[in-house]
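> What follows is a predicted protein model with its sequence.
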Amino acid sequence: MSNRSVLVIEDDSLNRKLIHALLSLGGYLTVEAQTAEEGLRLARESHPDCVITDVRLPGMGGLEVTRAIKGDESLRAIPVIVVVASAAEDDARKAILAGCDAYITKPIAAGSFLETISRLVEGTAETASALPSRILVVDDEPMVVTTIVKVLRREGYETLEAFGGEAAVRKATEESPDLILLDVIMPDLNGFEVARRLKGDLRTVGIPIILVTGLNDPHDKALGLEAGADEFISKPFDSAELIVRMKSILRLRQYREQIRHRSLSAEKGPMDADRPAAVARPSLGVLLGSSDAALADILELLDGRGFITRTAREESAILAFDEEIGLVMLNGEDRGIDALDICRRRKSREDTQNTPIIVVNPGQDPESRIRFLSHGADELLLRPFDAREAVARIGRLLERETELRALRAGYRTALSAATNDTLTGLFNQGYLKKFLSLETKRSQRQKHPTSLVLMDIDDFKEKNDTLGHLVGDRILGELAARIRSCIREIDLAARYGGEEFAIVLPYTPCGGATLVAERIRTAVASMDFLRGSSLPSVGVTVSIGVAACPDHGASPEELINAADAMLYQAKREGKNRVVAASA
């Protein structure tokens, strides 16, 4: 990820520093501009992997930047993220209409910010460099296979062919296609049984299946969905609609695989890439959003089947994030709200983009259905619908969302374990060195100082030996909290090892870092630790060394050695003091 670059267009220096710090945490290189005009020039010169622009800029604004990028043939593939003051403001809607790929709101949440960047940047890079998706087309009629294969190849897909159920199972197992288009009525093994076999085999369970068949009975659709199919399209089908549905399913699979591989990289443990996470029966709820009672029949159906349901009639309530909601259902014919716009806005927001959406009554014509699918709808439900089919579709989407949330939570846990110290909650030494390496390079490239503070708890071994390791651990945790209270959001604090801590202060000269270090020393020494607990309170002091890049070291190693020398000088001079390197 370290070779990915992000262009940040922001006129406020503090916001620019904060975004830079967060991007550095994620391992991204940054290019910065203070005006829209400068940003567009840098975009054309450096062709970054992503652009982040504030909506409010002097002169040309962030919306104009977005339109300019999306209107330029050479730049339009670059994802654009617009930073707005509040999701409730009209800026968010305008940003979507301008063509942005996502928007984020202030104050920026570090975790979801990096997840949004990763989704857009890594997704774009992988899409650009990946081989074409391989689609297995299964039908016992060679003419049907030939027709579908022509459509797929015209869209750039690679194809595999099978002319019966047994051949489909064999080819799927041997070739591991990215998606299967599967007929139902075949003489040797019908499509339902093929789906059941593939979903029951760990080698093929992760391959999505679309049933493409002449069967139109709702009972057959329900059987297919219950057998494990991801989608059901009736013949004759509209080629454009088929391609849109395929792209939606392939994007979902790619997203799931990205999370799995990130988790694997973070935790460095074994994981079967296609094995679904073990999840309990979905406990997430369904939000039915409609300005009238058009979804009352679905509400009654779901309540009767034991689903957790909520209703919302106001647009703001439908757009709001709720972690207990795993699926949103909208009325495509609602005259009180714009269901298409809600799809688009929910899928553009970092907090709601992953929650699936079902649109009921999207319209009978293929163009209307394609429009909803293209703007974020995950499923379409046409009236009159079969209760069994509807329940199967809704249940499957909730199960999928439950699995994806478990995967995302696992990834965040694994990432935290790989970068954080479990005892103090600060970053660990490995991540500190990575961050410091990025900052020292940036410091020299952009001609600004970066300071490093190293501190050590005085006589900590003696406290551990006399008071016990439980008290020692509590002291370490409380010291971490006091350090956090004394530094800025863009600064990075880490446990360097044992009782030693480190702080990286970007854009800060040695004199400014010395003031911060003295503030921390005072906060530690002025009040006993463990007050108000069942453990005895204890006085704690720290010795601190300070050095800055580039004055005292150009590389991370040189800077650490310089600050470490100052730390030991503080120890020699009597402890409980700050010593800074001289110019």
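Yep, it's here.

> just the CA coordinates of stretch 247-257, formatted as CSV?
Only the C-alpha atoms of stretch 247-257 are listed here, as CSV (Å, rounded to 0.1, in the frame of the first residue of the first chain):
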residue,chain,number,x,y,z
LYS,A,247,-21.0,-6.5,-11.9
SER,A,248,-22.8,-6.0,-8.6
ILE,A,249,-22.3,-9.6,-7.5
LEU,A,250,-18.6,-9.6,-8.6
ARG,A,251,-18.0,-6.3,-6.7
LEU,A,252,-19.4,-7.9,-3.6
ARG,A,253,-17.2,-10.9,-3.9
GLN,A,254,-14.1,-8.8,-4.6
TYR,A,255,-14.9,-6.7,-1.5
ARG,A,256,-15.3,-9.8,0.7
GLU,A,257,-12.0,-11.2,-0.6
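
> ok, and what's touching it?
Residues outside stretch 247-257 that contact it (CB atoms under 8 Å, 6 or more residues apart in numbering) are 119, 123, 126, 133, 178-179, 206, 208, 210, 230-231, 273, 373, 378, 400, 403-404, 407. Quick note: C-beta positions are derived from backbone N, CA and C, even for glycine.

> rerun that using 6 Å as the cut-off
133, 208, 230 (CB atoms under 6 Å, 6 or more residues apart in numbering).

> same check, this time on stretch 374-389
218, 221-222, 244, 301, 340, 343-344, 347, 356-362, 369, 393.

> swap in stretch 518-531?
Under CB under 6 Å, 6+ apart, the answer for stretch 518-531 is 474-475, 478, 482-483, 486, 537-542, 544, 578.

> Point out the ones among those that are inside strands.
The strands, defined by DSSP state E, take in 542, 544, 578 from the contacts of stretch 518-531.

> out of these, who's nearest Y103?
Proximity of the ones in strands among the contacts of stretch 518-531 to Y103 (CB to CB) peaks at I544, which lies at 41.2 Å.

> Per-residue pLDDT of the closest one, please?
pLDDT, I544: 98.

> hmm, back to that, got JSON lines for the ones in strands among the contacts of stretch 518-531, with neighbour count and distance to A296 too?
Shown next, in JSON lines, are those (neighbours: other CB atoms under 10 Å; distance: CB to CB, whole Å):
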{"residue": "V542", "neighbour count": "27", "distance to A296": "65"}
{"residue": "I544", "neighbour count": "27", "distance to A296": "66"}
{"residue": "V578", "neighbour count": "24", "distance to A296": "68"}
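
> Would you reformat those residues as TSV and include distance to C100?
Putting the ones in strands among the contacts of stretch 518-531 into TSV (distance: CB to CB, whole Å) gives the following:
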residue	distance to C100
V542	46
I544	44
V578	46
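
> Please parse the chain into its domains.
Using automatic domain parsing, the domain parsing of the chain gives 5-127, 134-237, 248-419, 429-580.

> Now R346: which helix or strand?
Using DSSP states H and E, R346 sits in helix 339-348.

> Moving C-terminal from that helix, which element do we reach first?
Downstream of helix 339-348, the next assigned helix or strand under DSSP H and E is strand 357-360.

> Partner strands of that following strand and their direction?
Using DSSP bridges, the strands paired with strand 357-360 are strand 325-331 (parallel), strand 379-381 (parallel).

> Could I have the CA atoms of the first one written out in PDB?
Which is strand 325-331. Extracted in PDB, the C-alpha atoms of strand 325-331 (Å, rounded to 0.1, in the frame of the first residue of the first chain):
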ATOM      1  CA  ILE A 325     -30.000  -2.400  10.800                       C
ATOM      2  CA  GLY A 326     -28.700  -4.900   8.300                       C
ATOM      3  CA  LEU A 327     -31.000  -4.300   5.300                       C
ATOM      4  CA  VAL A 328     -33.000  -1.300   4.000                       C
ATOM      5  CA  MET A 329     -36.100  -1.800   1.900                       C
ATOM      6  CA  LEU A 330     -37.500   1.100  -0.300                       C
ATOM      7  CA  ASN A 331     -40.600   1.600  -2.400                       C
END
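
> ok and it relative to helix 339-348, angle-wise?
Using axes from the mean of the first three to the mean of the last three CA atoms, to 10 degrees, the inter-axis angle of strand 325-331 relative to helix 339-348 is 160 degrees.

> So what touches strand 325-331?
With CB under 6 Å, 6+ apart, strand 325-331 has contacts from 284-290, 294-295, 339, 355-360, 397-398, 401.

> so where is the chain shaky, pLDDT-wise?
Applying pLDDT under 70 to the chain flags residues 1-3, 86-90, 107, 109-112, 122-131, 255-282, 411-417, 583.

> center of it, which residue is that?
By CA atoms, centre = their mean, the chain has its centre lying nearest to E115, at 2.7 Å.

> Which helix or which strand is home to it?
Assigned by DSSP H and E, E115 belongs to helix 110-129.

> now L211, what's its secondary structure?
strand (DSSP: H, G, I helix; E, B strand; the rest coil).

> wait, it sits on F232?
Yes. Using CB atoms under 6 Å, L211 is in contact with F232, at 4.8 Å.

> Common neighbours of these two, please.
Residues touching both L211 and F232 (CB under 6 Å, 6+ apart) are G224.

> The two - which one has more neighbours?
Taking neighbours as other CB atoms under 10 Å, L211 and F232 compare with L211 leading, 27 against 24.

> if I look at D217, how far off is E389?
According to CB to CB, to the nearest Å, D217 and E389 sit 10 Å apart.

> meant to ask about R572, not that
78 Å.

> For these two, indicate the residue with more neighbours.
Ranked by neighbour count (other CB under 10 Å), R572 and E389 place E389 first, with 21 against 10.

> Excluding chain neighbours, give the residue nearest to the more buried one in space.
Nearest residue to E389, sequence neighbours excluded (CB to CB, 6 or more residues apart in numbering): A222, at 4.2 Å.

> Find the helix or strand that that neighbour is a member of.
Assigned by DSSP H and E, A222 falls within helix 218-227.

> List the buried residues of that helix.
By 16 or more other CB atoms under 10 Å, the buried positions in helix 218-227 come out as 218, 220-227.

> Wait, S291 touches T311, no?
No. Look at S291 against T311 with CB under 6 Å: they stay out of range, at 10.9 Å.

> Disregarding flanking residues, what is the spatial nearest neighbour of K235?
Using CB to CB, 6+ apart, the closest residue to K235 is G214 (4.6 Å).

> my guess is the one you found contacts F237, does it?
No. Using CB under 6 Å, G214 makes no contact with F237, being 10.1 Å away.

> More neighbours: these two, which one.
The residue with more neighbours, out of G214 and F237, is F237; 17 against 12, by other CB under 10 Å.

> what bridges to the nearest residue to that one once chain neighbours are set aside?
Counting by CB to CB, 6+ apart, F237 lies nearest to V212, which is 6.5 Å off, once chain neighbours are set aside. V212 has the following beta-bridge partners by DSSP bridges: I233.

> And V212, how far from V137?
From V212 to V137 the distance is 9 Å (CB to CB).

> Look at these two and report which has more neighbours.
Remark: of V212 and V137, V137 carries more neighbours, 26 against 23, as counted by other CB under 10 Å.

> Let me see the contact set for that one.
Contact partners of V137, counting by CB under 6 Å, 6+ apart, are 145, 148-149, 159, 161, 181.

> Can you tell me the element it falls in?
Using DSSP H and E, V137 sits in strand 134-138.

> List the strands paired with that strand, with their directions.
Sheet pairing of strand 134-138 (DSSP bridges) gives strand 158-162 (parallel), strand 179-182 (parallel).

> How far does that strand sit from its chain's centre?
How far strand 134-138 lies from its chain's middle: 30 Å, per CA atoms, centre = their mean, to the nearest Å.
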